[in-house]
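**Student:** Sequence and predicted model, in that order:
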Amino acid sequence: MTRDSTETPPAGGPTLQPAPDDAREVAASEDGSLDPFEVLPVPEAAEENPTPMSAFTETLPEDPLTETDFLSDSTPSGEPAEIDPDKLDPDALKVIHRLHAHGHQAYLVGGCVRDLLLGRTPKDFDIATSAHPGEVRAIFRNCRLIGRRFRLAHIYFKGGKIIEVSTFRANPTELDVTPGENGADTGAENGEEEGNEAEESQDLLITHDNVFGTAEQDARRRDFTMNGLFYDVAQGRVIDYVRGRRDLDERYIRTIGDPEVRMREDPVRILRAVRFASKLGLDIESRTYAAMEGAVEDLPRCAPARLLEETFRLIRGGVAAPSLRLLAALDALRVLLPPVAAYFKDNGRRGRETFYAYVEALDRRVASGEPLDDSILLAALLVPIAQTAPVVESQDPTVRPSVAQAIEDLLAEFVQTARLPRRIAERCRLLLIAQRTLTGERRRRTGAFRRHPLFDDALIVFEISVEATGQHREALEAWKRGELPPLKPSEGGATEGDAPRKRRRRRRRSGRGKAGAGEGGSAAAAGSAEAAGNSGDAGDTGDDFESGSESGGDSGADSDSESDEG
């Protein structure tokens, strides 16, 4: 996170927020009102009369930038361009061309250059420029500035596409302050001041990062050498200030500068290194890995929202299994996912094998290209933990169903400290509860259960569970055929209608006993009519989803269609 240079960090504050290495994290980590999982965070514009969003997606009437004559098919030495121009994003090229036309430096930077050199298709194209944010805003009509401290420019194109433009920055910890300049003290008045300065200098966590700089300074302030590469599209060559090409060729992840310092500056870089190693199949250089081990203890000092977002990035990318194995080796799971670390400790090798079987099944599902909600991803990880801690449920239909207490605590902490949307947490909890019904451990009315909006998502989690363990395959096929799976032998003494009839009789005595008597004492007929008229009521159906959704309002969960069955 970026902070104003005049802002003083809170004394003794346990949660300091260092500057994100990925500029796309800035909006999510700075604006507390933003959902950290929003794909396109767009804070309100700073000007009093903001431009309507329709203007951002309009084709610019002037200077449409359709020409690409500035592109080079060869380097200055006459060799072919180091990156094929056909693989570059045309909208990013338009932005670069216009910045050049206004006298500014502009390069492709970071992950897009890295991925192109590795033969991969970049997810997005980012640009670094010498133009300040206000200058970028003046050049592009379809631009909006984001970030309250360090300003970034988002340039919008049709279809919701965004090209992100950042100004060259310098690393504040490497700036040389000349004594006597800008009112700086020429020396300490006494030993106490010197001691305070020395104590502050030992804390390497970055809390101020709003200093503009040159292209070389911008490259050197980044986290890893492979992310410090620039590409000059006009010259057709890669600009490498940090020897990132060498590390890419050797397939190493290496920090820029002293790894101990860089990891202490921003411990979230531990998760970024893990993600890059798992996603790109690279090795972590030995000194960098040792620094990661030492910086794990500083992870609790980072903003919980950033930690949670980076954890979700590991899962969304289809590389959760190798990533979590590496995090477990670093002993970082105790900070990121405490129930998983406790599960490993309690269940040993067998528990680890079971857990990673679930994670590998989830990775295969993600790799297939199927879009999965964050609640499904989180629930799939927590299923084996939920299964090892069976919950004794109350027969009272007004009591909220629950999962293992460790999971309940984890979800509550994510909501309170990491800004996990309550909707995601509640959906995850309900998906875990529904697994007991899908396996046949609990018998519920099939019609109401199938009609619930979360049934399909619960079935996806169940499919991942079956693929991971090989168990309950018959139950899965039965649900897919529209049938009810057989009840487990341990519960064979109960019949499908027993529990609902008891609950209906209790409700009928308290609220509709007289009406039932007026019908000639036909309790069975009254019960059937009441069940038909209240098929969406949690107390009548006893449905996992219905009970959870009904109590979700009490827990502060978002109200949506999930709490409206039938």
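**Tutor:** Here it is on my side, so go on. Residues are numbered from 1 along each chain as shown.
**Student:** Averaged pLDDT, the host helix or strand of F230. What do you get?
**Tutor:** Using DSSP states H and E, F230 sits within strand 229-232. For strand 229-232, the mean pLDDT works out to 96.
**Student:** Show me what that strand packs onto, helices and strands only.
**Tutor:** Packing contacts for strand 229-232, counted by 3 or more Cβ pairs under 8 Å, 6 or more residues apart in numbering; DSSP states H and E, involve strand 106-109, helix 111-117, helix 215-220, strand 237-240. The way it works is simple: take the backbone N, C-alpha and C, and place the C-beta from them, glycine included.
**Student:** repeat that for 10 Å
**Tutor:** Contact here means 3 or more Cβ pairs under 10 Å, 6 or more residues apart in numbering; DSSP states H and E; on that basis strand 229-232 packs against strand 106-109, helix 111-117, helix 215-220, strand 237-240, helix 244-250.
**Student:** Relative to that strand, what are the paired strands and their orientations?
**Tutor:** strand 106-109 (antiparallel), strand 237-240 (antiparallel) (DSSP bridges).
**Student:** Return the most buried member of the helices and strands packed on strand 229-232.
**Tutor:** Among the helices and strands packed on strand 229-232, the stretch with the highest mean neighbour count (mean count of other Cβ atoms under 10 Å) is strand 106-109, at a mean of 26.
**Student:** That strand - what's its average pLDDT?
**Tutor:** Strand 106-109 comes out at a mean pLDDT of 97.
**Student:** Repeat that for stretch 306-317.
**Tutor:** On average, stretch 306-317 scores 93.
**Student:** Buried residues, that stretch. List them.
**Tutor:** R306, L307, L308, E309, E310, T311, F312, R313, L314, I315, G317 (16 or more other Cβ atoms under 10 Å).
**Student:** quick one: the third one and A418 touch, right?
**Tutor:** Yes: counting by Cβ atoms under 10 Å, L308 touches A418, with 4.1 Å between them.
**Student:** Pull out the buried residues from stretch 407-417.
**Tutor:** I407, E408, L410, L411, A412, F414, V415.
**Student:** need those in TSV with distance to E285, pLDDT and secondary structure, can you?
**Tutor:** Shown next, in TSV, are the buried residues of stretch 407-417 (distance: Cβ to Cβ, whole Å; pLDDT from 0 to 100; DSSP: H, G, I helix; E, B strand; the rest coil):
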residue	distance to E285	pLDDT	secondary structure
I407	37	91	helix
E408	40	90	helix
L410	33	92	helix
L411	37	92	helix
A412	39	92	helix
F414	32	93	helix
V415	37	92	helix
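**Student:** Closest one to A468 out of the residues you listed, please.
**Tutor:** I407 (17.7 Å; Cβ to Cβ).
**Student:** Let me know whether that closest one touches P339 as I believe.
**Tutor:** Yes: between I407 and P339 there is a contact under Cβ under 10 Å: 6.0 Å.
**Student:** Common neighbours of those two, please.
**Tutor:** Common contacts of I407 and P339 (Cβ atoms under 10 Å, 6 or more residues apart in numbering): L382, I385, A386, A389.
**Student:** Mark which of those are buried, thanks.
**Tutor:** For the shared contacts of I407 and P339, buried by 16+ other Cβ under 10 Å: L382, I385, A386.
**Student:** Excluding covalently adjacent residues, which one is nearest to E135?
**Tutor:** Leaving aside its sequence neighbours, E135 sits nearest to H104 (Cβ to Cβ, 6 or more residues apart in numbering; 7.3 Å).
**Student:** List the contacts of the one you found.
**Tutor:** H104 touches I96, R98, T129, S130, A131, H132, E135, V136, I139, T167, counting by Cβ under 10 Å, 6+ apart.
**Student:** Same check on R222?
**Tutor:** 21-22, 109-110, 128, 169, 171, 228-229, 241-242, 244, 255-256, 262.
**Student:** Three-state assignment for it, please.
**Tutor:** coil (DSSP: H, G, I helix; E, B strand; the rest coil).
**Student:** distance of it from E216?
**Tutor:** Using Cβ to Cβ, to the nearest Å, R222 is found at 11 Å from E216.
**Student:** so what's in contact with those two at the same time?
**Tutor:** In contact with both R222 and E216: G228, Y241, V242, using Cβ under 10 Å, 6+ apart.
**Student:** Report how many residues lie close to the first one.
**Tutor:** G228 has 25 neighbouring residues, counting by other Cβ atoms under 10 Å.
**Student:** who touches it in this structure?
**Tutor:** Counting by Cβ under 10 Å, 6+ apart, G228 has contacts 109-110, 113-114, 216, 218-222, 239-244, 247, 256.
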